[in-house]
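[1] Structure for the following, please:
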Amino acid sequence: MHVLIVNNSVIPAIRYGGTERVIWWLGKQLAARGHKVSYLVAAGSSCPFANVLVFDPTQPFNKQVPDDVDIVHLNHGVNETPLKPYIITRHGNMHQQKKLDINTVFVSADHAARFGSNSFVHNGIDPADYGIPVLDNKRTYIHFLGDAAWRVKNVKGAIKIAGMAKLPIHIIGGVRFNFNQGIRLTFTPNAHFHGMLGGEKKNKIINDSKAFLFPVRWHEPFGIAIIESLYFGCPVFATPYGSLPELVNSEVGFLSDNSVELANALKNVDAFNRKRCHEYVLSNFSSTQMCDKYLYYYNEVLNGNTLNVVQPMLQKIQEEKFLKFD
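    Predicted coordinates for the structure are as follows:
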């Protein structure tokens, strides 16, 4: 089949870019299976395994869809309902109770349930982007991975927990002096900041880490950083919000909303099996599994079915700005 994947940003992602990487991995896997893939994305994009068309949000969407496309896979809103069969992946949270499209797919079971849906596809990584991890190396620190300027990601809490566990922490996605959301200075020498990284530099830091510390204070829709870290043999120590309980079981991590409990658990980090963490990702969260399920949903709509019985809608607006973290 000919799949048109639509997003309003540039591919490939060089450093930060969750949705961009997900749609890249999906398209690559579809092409490897013999499907024709086209991207309708922002100017400046390129791709060796698919056609690239430039998305123009000022023009009617359907005029930009090639005639031979079988299914449209939207990853953001467009200015008219596709005339071709389509699905829409909702990648993020929202705080409005408005009806979403009947063919909306979410990125975790929890994410879907919060909108009254059971249609979801877990994101999956392409192992080729990460290489073969070294699982028997000496590791002396832990890491945080995420946009540290985003307060719900709780880098402040991660630094606190690392200090309590007496472990150095390397922060990928943050800087020591942050002016994006008010002036925030981090003086502790226990924290090492690397800014936004991608590719081999990011992979090397993760591959030398004992564990991934992720005490988020919101309902994480999915969290690619979780899967990336596990791939490199890093167990995950995090809060039990959003998708975390369905991604992190007791074999590959520990969940709690209490900093003391997380710090104490980190003291036993070496009890986790790095190989088990790595194999867990390959078995459950690679682009192979992601592609399988999207193909199932593509065929559902091609057969005239909708992906939800009723239009999904956020069931409850979160009243607290930040979820509990002690």
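[2] drop to CA atoms for contacts and neighbour counts, all remaining ones
    Will do.
[3] which stretches of this structure have low pLDDT?
    15-16, 174-187 (pLDDT under 70).
[4] okay, now the domains of it?
    The chain resolves into domains spanning 2-124+289-302, 127-283 when parsed by automatic domain parsing.
[5] Between those, which one is closest to residue 308.
    Nearest to residue 308 among those is domain 2-124+289-302 (5.5 Å), distances taken as CA to CA.
[6] quick one on the thing from earlier: switch the domains of the chain over to TSV; also include mean neighbour count and distance to residue 315.
    Listed next are the domains of the chain as TSV, based on neighbours: other CA atoms under 10 Å; distance: least, CA to CA, whole Å:
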stretch	mean neighbour count	distance to residue 315
domain 2-124+289-302	18	5
domain 127-283	19	14
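[7] Let me see the contact set for residue 262.
    With CA atoms under 8 Å, 6 or more residues apart in numbering as the criterion, the residues that contact residue 262 are 161, 237-238, 254-256.
[8] Can you tell me which of these is nearest residue 20?
    Each of the contacts of residue 262 was scored against residue 20 by CA to CA, and residue 238 proved nearest at 24.6 Å.
[9] In the stretch 51-200 of the chain, what residue spans correspond to helices?
    Ranges of helices within the stretch 51-200 of the chain are 109-113, 155-164, 199-207, based on DSSP state H, counting those that start in this stretch.
[10] Can you dump the C-alpha atoms of the second one in PDB for me?
    These are the backbone C-alpha positions of helix 155-164, laid out as PDB (Å, rounded to 0.1, in the frame of the first residue of the first chain):
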ATOM      1  CA  VAL A 155      14.900  17.700  36.700                       C
ATOM      2  CA  LYS A 156      15.100  19.400  40.000                       C
ATOM      3  CA  GLY A 157      13.600  16.300  41.700                       C
ATOM      4  CA  ALA A 158      16.000  14.100  39.700                       C
ATOM      5  CA  ILE A 159      19.000  16.100  41.000                       C
ATOM      6  CA  LYS A 160      17.700  15.900  44.600                       C
ATOM      7  CA  ILE A 161      17.200  12.100  44.400                       C
ATOM      8  CA  ALA A 162      20.700  11.600  42.900                       C
ATOM      9  CA  GLY A 163      22.200  13.500  45.800                       C
ATOM     10  CA  MET A 164      20.300  11.400  48.300                       C
END
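[11] helices or strands up against that helix?
    When contacts are defined as 3 or more CA pairs under 8 Å, 6 or more residues apart in numbering; DSSP states H and E, helix 155-164 packs onto strand 141-145, strand 209-214, helix 259-266.
[12] out of those, which comes closest to residue 283?
    Evaluated with CA to CA, the helices and strands packed on helix 155-164 place strand 209-214 nearest to residue 283, the distance being 19.7 Å.
[13] For the closest one, which helices and strands make contact with it?
    Packed against strand 209-214, as judged by 3+ CA pairs under 8 Å, 6+ apart, are the following elements: strand 141-145, helix 155-164, helix 224-231, strand 236-238.
[14] Okay, now the sheet partners of it, with direction.
    strand 141-145 (parallel), strand 236-238 (parallel) (DSSP bridges).
[15] Just put these in JSON lines and tack on distance to residue 2.
    Below are the strands paired with strand 209-214 laid out as JSON lines (distance: least, CA to CA, whole Å):
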{"stretch": "strand 141-145", "distance to residue 2": "35"}
{"stretch": "strand 236-238", "distance to residue 2": "38"}
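[16] Mind putting the domains of the chain into JSON lines with distance to residue 314?
    Shown next, in JSON lines, are those (distance: least, CA to CA, whole Å):
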{"stretch": "domain 2-124+289-302", "distance to residue 314": "4"}
{"stretch": "domain 127-283", "distance to residue 314": "13"}
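[17] closest to residue 311 out of these?
    Nearest of those to residue 311, taken as CA to CA: domain 2-124+289-302 at 4.5 Å.
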